[in-house]
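# Here is my input; please provide its structure:
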Amino acid sequence: MDTSPHRWPALPAYVGAPVGAALLLCLGALAAALGGRMSSLEVAVACGLIVLLICAVADPKAAVPMAVIAWMIAGSFARAPFGSLHPTARQAAVAAGCVGCGVFIGAGIGGAGRRLTRVRRSTLEPVPGLAAFAAAVDRRRQAYGWLAAICLLPVLTLIVTSLRAQLSLTDNLLIYLLAVVLVAVIGGFWPAVFAAIAACLLINWYFTPPFHTFTIAEPDNLLALLLFIVVAITVSSVVHLAARRLVLARRAGAEAEALARLARSVLGGEDTPNVVLQHLHNNLIVGAELLERAGGRWVRVAYCGDTSGPPQHQIRAREDLALVVYGDVPPDSERLLAAAAGQAAAALDRDRLRTQAAQAEALAAGNRMRTALLAAVSHDLRTPLASIKASISSLRQGDVRWTPEDEAVLLATIEESSDRLDSLIANLLDMSRVQTGALQPYLRAAAVDEIAPLALRGIAGGDSVRMDVPESLPLVLTDAGLLERALANLLTNAVRYSPTNAPPALSAATRDGAVEIRVMDHGPGVPVADRDRIFEPFQRLGDQDSATGIGLGLAVARGFIEAIGGALTPEQTPGGGLTMTVRLPLAPARSRPQVES
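Predicted coordinates for the structure are as follows:
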């Protein structure tokens, strides 16, 4: 950043040249008004001082037209008749020496001042004032302008020379002025300056007496030529400024559009540092990376594009964050870079906050799961354990003689309670695998008609389930073990809530390029508003009978079905009840696999 309150002035050449030309014309008019009281040396020195001043505060390129005009003023207004360009050899040499000294000294002062006050801009801060204008035309248009100046002026001279008898000097000046303006429109300022100087020399050689010499006998002709070159340079400057403003307007519009797209991407939810850097890469075609200072060194946290070359710009978003840009940055892109740096820093902070919030939510979910698990263990798991312990304690009593029928009842109680305990523990383990993401399904082609009967094994009342699974069903891509466990949980739930006179049913069919397995019961059903809640762990929807489970069967079933790439949706059974529909993708055509029983 620039800490000094002043900076060495640097007027563009298209501003300094017209200003200097106007000052030189005023000097010539003053010398003519004094009627010779200024010697030729004084006029030459004054011209040199004006050139020195302009070269010191303006672009050194302005010295080219300034030197030509200053030499003509010094050579024509140094002695009577004033305005006649016919200096002696001594006067021409003195004028050339004073003007040359002014050019070199002024350029040296300006260059030294700009070096001493130069500010290294690591943040690409904008340059205020006229120097902020970027190049108005590209190199192609400049080449066209130089070509137009080189080709147009000779052709125009041939035409105007053939019409010399019909045209006056004023007409010739206006014609050449139009040509200079045309060159300025095509190629910008410097081709137009070249055309103005060349046109002045051509008019002097061909159309001001004495002809075919650079001597000007009539003061009016010299004044006309000086005014011509000043007007031509001034008009070229105005045209160039207009072109520059047009380019700046286009760049400002493109920059505003880029900033708007950046804002839309952030507001649209794409709020990460990588997205911001990708946006910067797409707009400026540069590589970029976001560095964070940690542990005494800079660490890259995000990047986009080619970052292998040397860095070109570094923008500090804050003390511990910096945006580093690689490659050529287009002019006047400092606001986009600054906005991207700020947005990347803010996106990094928000991304970390989201991560922390997700971690906190995961911890809270884990805490809720542990709380529910403890609540379930405290009662639902202790109930079958209590039954097993009571039965075993009864059988071990030596003072009681049990009949064979009583022993069979107690052993049946032990077996039933053990099966219930095994089912509860299996569901708890399966739920923990689903919740922690440790489930790794092995997908392969499988036959539904071979998996579905295996799901009925070990289900109390499973022999009452009506099965309708045709062998002609296509193979599905699934994990046979997980699908079997999921169907077993669905069938257990259906058997539990089905009345005796309306047993549950399992059917399968092909629909819309997939296989659908339906587990139907005719129980009380589930209201539409509660159909999402039945898949939450430890949800039993007001069922107070905890002897049959702890509300994990449907949660485990959905977790398994989604893990193997399927979908589980509840719907109402026609006539009352609940139907669970499992939709599985078809497998590629291959030989029918064998499912081990």
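# pLDDT wise, what is the nearest residue to residue 327 once chain neighbours are set aside at?
Excluding the flanking residues, the one nearest residue 327 by C-beta to C-beta, 6 or more residues apart in numbering is residue 286, at 3.9 Å. For every residue, glycine as well, the C-beta is placed using N, CA and C. pLDDT for residue 286: 78.
# cool, residue 303 as well?
With respect to pLDDT, residue 303 scores 78.
# Show me the contact partners of the host helix or strand of it.
Assigned by DSSP states H and E, residue 303 belongs to strand 297-304. With contact meaning C-beta atoms under 8 Å, 6 or more residues apart in numbering, strand 297-304 is reached by 272-274, 277-278, 280-281, 287-293, 322, 344, 348.
# follow-up on the earlier one: give the full set of residues in contact with the residue nearest to residue 327.
Contacts for residue 286 (C-beta under 8 Å, 6+ apart) come out as 280, 305, 312, 325, 326, 327, 328, 329.
# is it true that the first one lies in a strand?
No: counting by DSSP: H, G, I helix; E, B strand; the rest coil, residue 280 is not part of a strand but helix.
# secondary structure class for residue 398?
Residue 398 - assigned by three-state DSSP - is coil.
# Provide the backbone phi and psi angles at it.
Phi and psi for residue 398, reported as degrees, to the nearest 10, are phi -80, psi -20.
# Show me what the strand or helix carrying residue 158 is packed up against.
Residue 158 belongs to helix 139-162 when assigned by DSSP H and E. Contacts defined by 3 or more C-beta pairs under 8 Å, 6 or more residues apart in numbering; DSSP states H and E place helix 139-162 against helix 169-187, helix 189-207.
# Quick one: closest of those helices to residue 558.
Between residue 558 and the helices and strands packed on helix 139-162, the shortest gap by C-beta to C-beta is with helix 169-187, which sits at 72.6 Å.
# pretty sure residue 312 is in a strand, no?
Yes: under three-state DSSP, residue 312 falls within a strand.
# So it is in contact with residue 323, correct?
No: counting by C-beta atoms under 8 Å, residue 323 is not a contact partner of residue 312; they are 11.7 Å apart.
# out of those two, which sits in the more crowded spot?
The neighbour comparison of residue 312 against residue 323 (other C-beta atoms under 10 Å) goes to residue 323, with 27 against 14.
# From residue 273, how far out is that one?
Note on residue 323: its distance to residue 273, by C-beta to C-beta, to the nearest Å, is 10 Å.
# And the strands in the stretch 351-500 of the chain?
For the stretch 351-500 of the chain, applying DSSP state E, counting those that start in this stretch gives strands covering 444-446, 466-468, 476-478.
# Single out the most deeply packed of the ones you listed.
Among the strands of the stretch 351-500 of the chain, ranked by average contacts under mean count of other C-beta atoms under 10 Å, first place goes to strand 476-478 (a mean of 25).
# Just confirm residue 519 is within a helix.
No: judged by three-state DSSP, residue 519 forms no part of a helix; its state is strand.
# From what I see, it and residue 490 are in contact.
Yes: Residue 519 sits in contact with residue 490 when judged by C-beta under 8 Å, with a separation of 4.4 Å.
# Buried residues, stretch 318-332. List them.
321, 322, 323, 324, 325, 326, 327, 329, 332 (16 or more other C-beta atoms under 10 Å).
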